[in-house]
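*Asks:* okay, here's the prediction I keep looking at, along with the sequence it came from:
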Amino acid sequence: MPDLIVEGLSVEFNGQTAVDDVTFTVNDGEFFTLLGPSGCGKTTTLSTIAGLETPTKGIIRVGPEIFVDAAKHRFLTPEERNLGMVFQSYALWPHMTVEDNLAMPLKIRKASKAEQNRRIGDALNQVGLLPYRKRYPHELSGGQQQRVALARALVYSPSVLLLDEPLSNLDAKLRDRARAWLKELQQSVGITTIYVTHDQLEALSLSDRLAVMGEGKMLQVGTPNEIYDHPNCLAVADFIGRCSFFRAKVLETGAGTLVVDLVDGEGTLRVTSATAFAAGTHVTIGVRSELVKVSQPRDDVPAISVNAIPADLKKASYVGARYEFELMAAGQLIFAEGEHKLDEQQVWLIVPEDGLFVFAEDIPPSRLASDVEDGL
Ligand SMILES: Nc1ncnc2c1ncn2[C@@H]1O[C@H](COP(=O)(O)OP(=O)(O)OP(=O)(O)O)[C@@H](O)[C@H]1O
């Protein structure tokens, strides 16, 4: 199948922009995820690809076949697009058996009885539910119902599979298994898939590539590694993983290294940076929680040394095999992890030189510690 291309897509509801000039390409056979916080426009983008919403601007095409071209008022109906869809609620027909649920889209497409039987058998085989074809949805577990919904989306061999949070109704354990199973199924069928989720773990573990959206805009597109290790802006670093931020001012700039002074507290950091910033520039330093080491008590490190920041422990949570800590340092709420409980309130945070993020943007007001601390 050719690539699916979305160019300059904008969607409005009652004059309010829900999707703002979004462009991306999904390659043949790829598992591509739209990820972002609630309300950022993921479902609207997916529904517009499906033909359930009409964009105000932009083009969606699969190779030369134009699904929609807003400027030319060209619009294929959902049926004409031959896409498979599974939404959050599986929406199986409760009064129909599994095989009758699967037969519906085939009847709509006027497949012969023999063709229906063959395709239903193949699709149920793919999802491992062949022996369940005569059951009704209420005679199946949540996970099995979700598989039937997928089989129903695959039964007419769509060119692209669109999945909107299909695992969100499953409990945590089942969800883990369903995730592994879904990835295997997608790979064995080799179908181009666009997946919508706000669950970063799901996005990182399932996707070949993902797009992070924020406030209707596309913030970054890349492989899970690229997005996690090289976020292109503070919002992406903040949304993926547990990241903390410090406001800082550049003191010295050298070949690939910056020395910065923390603006809202004590501390000097030496930071590897591919981008050179002039001395005096205000920057934001981002650090992933797994890179922050907590040393206790504070006199473990004799005096303020480079990359050591004095911090106060606010909260420790045991999450099985490790602790997650929330601390206040340099006026910010900082996340850290460790294998051992902390006995001291006053500790040092030690951050590495490599692996920190340097952003030219300032920390958004919603993330400033004064607001966050109120909620502690
Ligand atoms: N039919 C509609 N009418 C009016 N506004 C809508 C409609 N559908 C979505 N919106 C608005 O468009 C914006 C984007 O919504 P959308 O459902 O695409 O977000 P999302 O990223 O999928 O969120 P979630 O993860 O909560 O499902 C939101 O502000 C939402 O309130």
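*Replies:* Okay, I see it.
*Asks:* bridging residues for the spatially closest residue to Thr54 that is not a sequence neighbour?
*Replies:* Nearest-residue entry for Thr54: Phe75, 6.6 Å, with adjacent residues in sequence omitted and distances by C-beta to C-beta, 6 or more residues apart in numbering. To be clear about C-beta, it is placed using only N, CA and C from the backbone, and glycine gets the same treatment. Using DSSP bridges, the bridge partners assigned to Phe75 are Val68.
*Asks:* I'd say Phe75 and Leu52 touch.
*Replies:* No. If you go by C-beta atoms under 8 Å, Phe75 and Leu52 don't touch, sitting 11.5 Å apart.
*Asks:* pLDDT wise, what is the residue nearest to Thr54 at?
*Replies:* We have a pLDDT of 95 for Phe75.
*Asks:* quick thing: my sequence starts at 349, can you match it?
*Replies:* Okay, residue one is now 349; in that scheme the one you just asked about reads as Phe423.
*Asks:* that one and Thr396, how far apart?
*Replies:* Plainly put, Phe423 is 10 Å away from Thr396 if you go by C-beta to C-beta, to the nearest Å.
*Asks:* for these two, indicate the residue with more neighbours.
*Replies:* Thr396 (25 against 15; other C-beta atoms under 10 Å).
*Asks:* is it fair to say that one lies in a helix?
*Replies:* Yes. With DSSP: H, G, I helix; E, B strand; the rest coil as the criterion, Thr396 is located in a helix.
*Asks:* OK, contacts around it?
*Replies:* 357, 359, 367, 402-403, 408, 416 (C-beta atoms under 8 Å, 6 or more residues apart in numbering).
*Asks:* quick one: neighbours of the residue in the stretch 499-648 of the chain positioned nearest to the ligand, just the number.
*Replies:* Residue nearest to the ligand within the stretch 499-648 of the chain (C-beta to the nearest ligand atom): His546, separated by 4.7 Å. His546 has 18 neighbouring residues, counting by other C-beta under 10 Å.
*Asks:* my guess is it meets Thr381, correct?
*Replies:* No. The criterion here is C-beta under 8 Å, and His546 misses it with Thr381 at 10.5 Å.
*Asks:* any residues of the protein in contact with the ligand? List them.
*Replies:* 361, 366, 384, 386-392, 546 (C-beta under 6 Å from any ligand atom).
*Asks:* could you check how far stretch 396-406 is from the centre of its chain?
*Replies:* Mean-position distance between stretch 396-406 and its chain equals 22 Å (C-alpha atoms, centre = their mean, to the nearest Å).
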